[in-house]
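[1] next come a sequence and a model predicted from it.
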Amino acid sequence: MSDFDEFDAFEAAAAPNATPVPLSQRAMGARPATYLDELNPAQREAVERLDGPVLMLAGAGTGKTKALTARIAHLINTHRARPDEILAVTFTNKAAREMKDRVGNYLGNGGDSMRWMGTFHAICVKLLRRNAELVGLKSNFTILDMDDVKRLLKQLIEAEGIDRKRWPERELAGVIDAWKNRAWTPEKVPTSDASAFNGKGLELYKQYQRRLRELNACDFGDLLVHMVTIFQKHDDVLAQYHRWFKYVLVDEYQDTNVAQYLWLRLLAQGHKNICCVGDDDQSIYGWRGAEVGNILKFEKDFPGAHVVRLEQNYRSTPHILAAASAVIAGNSNRLGKTLWTEREDGEKVRLIGHWDGDEEARWIGEEAESIQRGTRSMASRSLEDMAILVRASHQMRAFEDRFLSIGLPYRVIGGPRFYERMEIRDAMAYFRVVTSPEDDLAFERIVNTPKRGVGDKALQNIQICARENSVPLLEATRILLRDGAIKGKAKTELSKLVESFERWSDMTRVGRVSQVVDDHDDDLFEDISEPDETVQVGHIALAEIILDESGYTSMWQKDKTPEAPGRLENLKELVKALENFDNLQGFLEHVSLIMENDSSESEEKLTIMTLHGAKGLEFPVVFLPGWEEGLFPSQRSMDESGQKGLEEERRLAYVGITRSEALCTISFAGNRRVYGQWQSQLPGRFIDELPEDHVEVLSAASLGTGGGRSSGFDDDFSDLGMSSMQKRAINADGWDTPGFKRMQARQAGGARTSVTPKRKRSNLMVDGDAQELFRPGDRIFQTKFGYGTVMESSRDTLDVEFDKAGSKKVKAGFVVAADRAGDVPF
Ligand code: ATP
Ligand code: MG
């Protein structure tokens, strides 16, 4: 059903004169309200008090969402409202689906008729399509994603002659988004804010809104701001919505921003039947404009509001609750609540320190498997019951790598899994064409990535030629180039690409590769195509060469979007993953096998997601890795928002711990690779705030996993100001002295120093060949450029006419006689 059909249906059903609920249905009476029996008295009160404003302000796991869902069922069951007269705002589309299902279960139908249950954005799109002309748009307006927005802003910035290097569009996008979060149209931006973006922010904002209108487009922020504007300027439209939406319900109210808040207030003004639920301790979207104050002033905004406080927690064990409560007690600006539970004590919250991020990932993988089998203290649990909640998405990769290598099924929520990411698929497509030149699917994927001037038409010609000659696309390209059928930029670029593929394929055929590069991740983005910089390579270095020479790496280096650094980082990780294989082919086979094994959706999987994304969810077993200063709490948050930022981080810790039902494990590592750099880490300050009585400090060695290094620096911690908890966790895992010394040095210096353990320069030279002398006319082999003939030679440099790569200057030390190519230690 299209949006428009849906509107018609909605209108027909919800118009003032619409047919009331059929008598036959009423006569059958309401279904027995089993959903009421499942509630405690306070929840029941919140469900049954259907008229007027209601606020459920309560801690995590107290059944707010459950009560909200029951209230919707009750509204329908008691015929207070039809499903399409209820407007229910959830935090994610997934939450909306779940709520629909639950209401459906309560009422014995599918819950599909809940048309107005969804996120703010999802609901606003539908509304705005109805009223678009009131803000100068047509009803078929397009919604721009962040990429489009930035492209548009870039054009405007350039047209103004502003230096984009100093004033990038990303920053302007942030400024405009923040204004929209406050529902500030250009006319409403206060003069105090007009100096943003070097004084040009407001003018650019005006131009941007004009451009959007010309394009018949809007961005995500507009969806709300436009609706607020319409409600404020058109009383008749607002009155119509008041008649339609008899009841308004909002989950996670503590995270609404000003625009969302205004939108809700305006909508609820008519009948005042608004029910909001939330928890001030779980407000974690301040960085996106959320105002925790909205929930705190609910009673003022809606005089006579009935406030329900829930205190019984049904989700977590007492130890988990105690740990969460102790951490959140560190915040000063809060209402404060007491939570209690009838659940059995269960296991204490577990705390463990690891040597580095890889070890942390290995340990968690083994723990997950052991819990899956059933442990001494816990009956076996499905992987579905387990989640790893990270502070930053870059933490996910260590887990993905580890789980892929041991075949532990997992899903990443909020982003594709590692091998499904665009840049990884692109890179692997290059590798696939190199190892198998007839892989047309892979060729099609990358022939114009980066841009080589190959449009749809050119690709069609290549495909036709391939069909006519029964050859792969790569070969067809070669034929068309030879026949002069490809012109312009495409001709130059494709010639280079075809030659490159030949050269790279040659390199794979020479022999097997042994590990000759051990710090390849450093070199990935260095330009190694300088003639006198040529090196002997293994398959790992070959992968780097392919990514460099194809222009793929530099495509992302030039890309100024916020995702680009992450993509470059992923490419480095990909190259790192090659270490475990003998050659590219072996690696590609491995990946396709895991991907195939993984395709079964019915398989049980462990969940990996961010703490932010985990709001409202619950899992029996939760792992909270990376509790380290700078990572969690996040340095950025603290730098940007000081004490306020720290308090938001602490609320995030509270959200994390309270996701756990039965087992919660917090961990940290002494060393972590962040964007390619090893950094030494200090245990995060929230560890210090955990209550000792409710925490068990684990020793990796005693669990039969982890490093088992000896510690030997027990007393040295006294000077570091660490809590005994931190010390015990560190010692239990046995960090060794160098790690400790680094920590000590950092602590003394006060600044974050970057350390690079296990790192040395690569030695790409072929031993014994450095002194070999070549004469003009000698046939040689060089790994990067393949076979060639020496034209001129000096002591250590050769001019070589390579068979495929043309004339190059190369170091003699990296060259062997052609008949010894097979001896090259690949
Ligand atoms: P959060 O603050 O994390 O969003 P919440 O307050 O919305 O939590 P719910 O998710 O609704 O809490 O409920 C937490 C768990 O407790 C769920 O598993 C729910 O089914 C259960 N629960 C809630 N109320 C009751 C009750 N009265 N009896 C039994 N179980 C309940
Ligand atoms: Mg909830």
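    On my side now, so go ahead. Numbers count the residues shown, from 1 in each chain. Ligands and ions are numbered 1, 2, ... in the order given.

[2] neighbours around the residue of the stretch 201-350 of the chain found nearest ligand 2, how many?
    Proximity of the stretch 201-350 of the chain to ligand 2 (CB to the ion) peaks at Asp251, 6.0 Å away. Every C-beta, even on glycine, is put in place using the N, C-alpha and C of the backbone. Neighbours of Asp251 under the rule other CB atoms under 10 Å: 24.

[3] run the chain-centre distance for stretch 655-668.
    20 Å (CA atoms, centre = their mean, to the nearest Å).

[4] anything in that stretch near ligand 2?
    No. Using CB under 5 Å from the ion, stretch 655-668 stays clear of ligand 2, coming no nearer than 10.3 Å.

[5] quick one, what contacts the residue in the stretch 401-550 of the chain positioned nearest to ligand 1?
    Nearest residue of the stretch 401-550 of the chain to ligand 1: Ile413, at 16.0 Å (CB to the nearest ligand atom). Applying CB atoms under 8 Å, 6 or more residues apart in numbering, we find Ile413 in contact with 607-609, 613.

[6] what comes up buried for stretch 156-172?
    156-157, 162, 167-172 (16 or more other CB atoms under 10 Å).

[7] and the strands in the stretch 501-650 of the chain?
    Along the stretch 501-650 of the chain, the stretches classed as strands by DSSP state E, counting those that start in this stretch are 606-610, 619-624.

[8] next one: phi and psi at the residue in the stretch 151-300 of the chain that ligand 1 sits nearest to?
    Here the residue of the stretch 151-300 of the chain nearest ligand 1 is Asp279; by CB to the nearest ligand atom that distance is 5.1 Å. As for Asp279, its main-chain torsions (degrees, to the nearest 10) stand at phi -150, psi 120.

[9] all helices for the stretch 351-500 of the chain, in order.
    Applying DSSP state H, counting those that start in this stretch to the stretch 351-500 of the chain gives helices spanning 357-373, 396-406, 422-435, 440-446, 456-469, 473-482, 488-509.

[10] TSV for those, including distance to Gly201 and mean neighbour count?
    Conversion of the helices of the stretch 351-500 of the chain to TSV gives the following (distance: least, CB to CB, whole Å; neighbours: other CB atoms under 10 Å):
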stretch	distance to Gly201	mean neighbour count
helix 357-373	39	21
helix 396-406	34	20
helix 422-435	32	22
helix 440-446	39	19
helix 456-469	39	15
helix 473-482	47	20
helix 488-509	37	18
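
[11] in a markdown table: those helices, plus distance to ligand 1 and mean pLDDT.
    Converted to a markdown table, the helices of the stretch 351-500 of the chain look like this (distance: least, CB to the nearest ligand atom, whole Å; pLDDT from 0 to 100):
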| stretch | distance to ligand 1 | mean pLDDT |
| --- | --- | --- |
| helix 357-373 | 20 | 95 |
| helix 396-406 | 22 | 86 |
| helix 422-435 | 33 | 91 |
| helix 440-446 | 41 | 88 |
| helix 456-469 | 48 | 91 |
| helix 473-482 | 52 | 95 |
| helix 488-509 | 52 | 91 |
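
[12] can you redo those helices as TSV with distance to Val125?
    Formatted as TSV, these follow (distance: least, CB to CB, whole Å):
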stretch	distance to Val125
helix 357-373	39
helix 396-406	30
helix 422-435	26
helix 440-446	32
helix 456-469	30
helix 473-482	40
helix 488-509	39
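
[13] nearest to Thr789, of these?
    Judged by CB to CB, the one of the helices of the stretch 351-500 of the chain that comes nearest to Thr789 is helix 488-509, at 15.3 Å.

[14] CA-only coordinates of that closest one in CSV, if you can.
    Taking Å, rounded to 0.1, in the frame of the first residue of the first chain, the C-alpha atoms of helix 488-509 are listed here in CSV:
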residue,chain,number,x,y,z
GLY,A,488,38.6,9.9,-23.9
LYS,A,489,39.2,9.5,-20.2
ALA,A,490,37.8,6.0,-20.2
LYS,A,491,40.4,5.0,-22.7
THR,A,492,43.4,6.2,-20.6
GLU,A,493,41.9,4.9,-17.4
LEU,A,494,40.8,1.5,-18.6
SER,A,495,44.2,0.9,-20.4
LYS,A,496,45.8,1.5,-17.1
LEU,A,497,43.4,-0.8,-15.3
VAL,A,498,43.8,-3.6,-17.8
GLU,A,499,47.6,-3.4,-17.6
SER,A,500,47.4,-3.3,-13.9
PHE,A,501,45.3,-6.4,-13.7
GLU,A,502,47.9,-8.2,-15.9
ARG,A,503,50.7,-7.1,-13.7
TRP,A,504,49.0,-8.0,-10.5
SER,A,505,47.9,-11.4,-11.8
ASP,A,506,51.5,-12.1,-12.8
MET,A,507,52.6,-11.4,-9.3
THR,A,508,50.2,-14.0,-8.0
ARG,A,509,51.4,-16.6,-10.4
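
[15] numbering from 486 from now on, please.
    Sure, I'll start counting at 486 from here, so that last one is helix 973-994.

[16] who are the packing partners of it?
    helix 907-920, helix 958-967, helix 1024-1034, strand 1271-1278 (3 or more CB pairs under 8 Å, 6 or more residues apart in numbering; DSSP states H and E).

[17] redo those as CSV? Include distance to Lys1061.
    Compiled in CSV, the helices and strands packed on helix 973-994 are given as follows (distance: least, CB to CB, whole Å):
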stretch, distance to Lys1061
helix 907-920, 12
helix 958-967, 28
helix 1024-1034, 8
strand 1271-1278, 26
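
[18] wait, which of the ones you listed is closest to Phe1104?
    Here helix 907-920 is closest among the helices and strands packed on helix 973-994 (CB to CB), at 27.3 Å.

[19] quick one, that closest one and helix 973-994 angle?
    70 degrees (axes from the mean of the first three to the mean of the last three CA atoms, to 10 degrees).

[20] which stretches of the stretch 636-785 of the chain form helices?
    Under DSSP H, counting those that start in this stretch, the stretch 636-785 of the chain gives helices at 654-666, 686-699, 705-718, 720-729, 743-753, 778-781, 783-786.

[21] ligand 1: which of the contacts of Ile898 is nearest?
    Checking these against ligand 1 with CB to the nearest ligand atom, the nearest one is Gly1098 at 13.0 Å.

[22] contact partners for that closest one?
    577, 898-899.

[23] can you do 10 Å?
    Contact partners of Gly1098, counting by CB atoms under 10 Å, 6 or more residues apart in numbering, are 576-577, 579, 874-875, 878, 898-900, 1092.

[24] now those in a markdown table, with distance to Phe1153 and pLDDT?
    Shown next, in a markdown table, are the contacts of Gly1098 (distance: CB to CB, whole Å; pLDDT from 0 to 100):
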| residue | distance to Phe1153 | pLDDT |
| --- | --- | --- |
| Phe576 | 28 | 83 |
| Thr577 | 29 | 82 |
| Lys579 | 30 | 79 |
| Leu874 | 14 | 98 |
| Val875 | 12 | 96 |
| Ser878 | 18 | 82 |
| Ile898 | 23 | 83 |
| Gly899 | 23 | 72 |
| Gly900 | 23 | 66 |
| Thr1092 | 21 | 95 |
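
[25] wait, isn't Ile856 in contact with Leu893?
    No. If you go by CB atoms under 10 Å, Ile856 and Leu893 don't touch, sitting 11.7 Å apart.

[26] quick check: neighbours shared by these two?
    In contact with both Ile856 and Leu893: 868, 1091, using CB under 10 Å, 6+ apart.

[27] nearest to ligand 1: which residue in this protein?
    Relative to ligand 1, the nearest point of the chain is Gly548 (2.7 Å; CB to the nearest ligand atom).

[28] so what's the residue count around that residue?
    By other CB under 10 Å, neighbour count at Gly548 equals 23.

[29] then the one 3 residues further on?
    Burial measure for Lys551: 19 neighbouring residues, criterion other CB under 10 Å.

[30] what about it, which helix or strand?
    With elements taken from DSSP states H and E, the one containing Lys551 is helix 549-562.

[31] give the next helix or strand downstream of that helix.
    Downstream of helix 549-562, the first helix or strand assigned by DSSP H and E is strand 571-574.
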